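Peer 1: with the input below, show me the fold.
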Amino acid sequence: MDFLELMKERYSCRSFSDKEVDKEKVEKILEAAKVAPTARNFQPQRILVLNEKKSLEKLGACTQYGWNAPVIMILFYDKSVSYKRDKYDNKEFGDIDISIVTTQMMLEAQSLGLGTTWIGAFDPEKLIEVFEVPENLVPVAILPIGYPSKDAKPSKLHFERNDISDFVYWNKF
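Peer 2: Predicted structure coming up:
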């Protein structure tokens, strides 16, 4: 499949079947995280994979979302490793790196016939407490992964896109 078509077909899946995800597919998604570009190649991504019922249930204390996906990954960056633009303004690039990593993971999942959605609505302090997260890790995203249920479909907003001329400027604003 053409890469642009893959990106167009991918949508935020909010309804998963109860079918288990093969470990090989999970490993391919993690490989996509491994090869993702990061600022200065510092690779600050840290990923907690939840695939056991007991671990998945704990997530309910941190977010109302998850849609009973059989695999959920929590993505963090290690602030002791992430690049900071210290020569200029000390901007932290951890969020940017995790955004790149998560996007590549979502696209790999799509290529494997799996659904995903990016969850940003969670209580970071509760998540840190519940999962005993080391203090150098910053939670950024929760990524449920699984086979879309039979009734899964893109939201109406998925198809609403601005025209390229609404956000692209050539040589000046």
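
Peer 1: list the buried residues in the longest helix seen in the chain.
Peer 2: In the chain, taking DSSP state H as the definition, the longest helix is helix 94-111. By 16 or more other C-beta atoms under 10 Å, the buried positions in helix 94-111 come out as 94, 96-111. C-betas here are computed from N, CA, C, even on glycine.

Peer 1: nearest residue to Pro44 in space, please, no chain neighbours.
Peer 2: Using C-beta to C-beta, 6 or more residues apart in numbering and skipping the chain neighbours, the partner closest in space to Pro44 is Ser82 (3.8 Å).

Peer 1: what about the one you found, distance to Glu135?
Peer 2: Distance, Ser82 to Glu135, by C-beta to C-beta, to the nearest Å: 14 Å.

Peer 1: those two: which has the busier surroundings?
Peer 2: Higher neighbour count among Ser82 and Glu135: Ser82, with 23 against 8, using other C-beta atoms under 10 Å.

Peer 1: name the element the more buried one belongs to?
Peer 2: Using DSSP states H and E, Ser82 sits in no helix or strand.

Peer 1: who touches it in this structure?
Peer 2: 39, 42, 44, 92-94, 97 (C-beta atoms under 8 Å, 6 or more residues apart in numbering).

Peer 1: Ala141 looks like it's in a helix, true?
Peer 2: No: with DSSP: H, G, I helix; E, B strand; the rest coil as the criterion, Ala141 is assigned strand and is not in a helix.

Peer 1: any buried residues in the helix or strand containing Glu24, and which?
Peer 2: Using DSSP H and E, Glu24 maps to helix 23-34. Neighbour counts over helix 23-34 (16+ other C-beta under 10 Å) mark 25-26, 28-29, 32-33 as buried.

Peer 1: show me where the protein has its helices.
Peer 2: For the chain, applying DSSP H gives helices covering 3-9, 23-34, 53-58, 94-111, 124-130.
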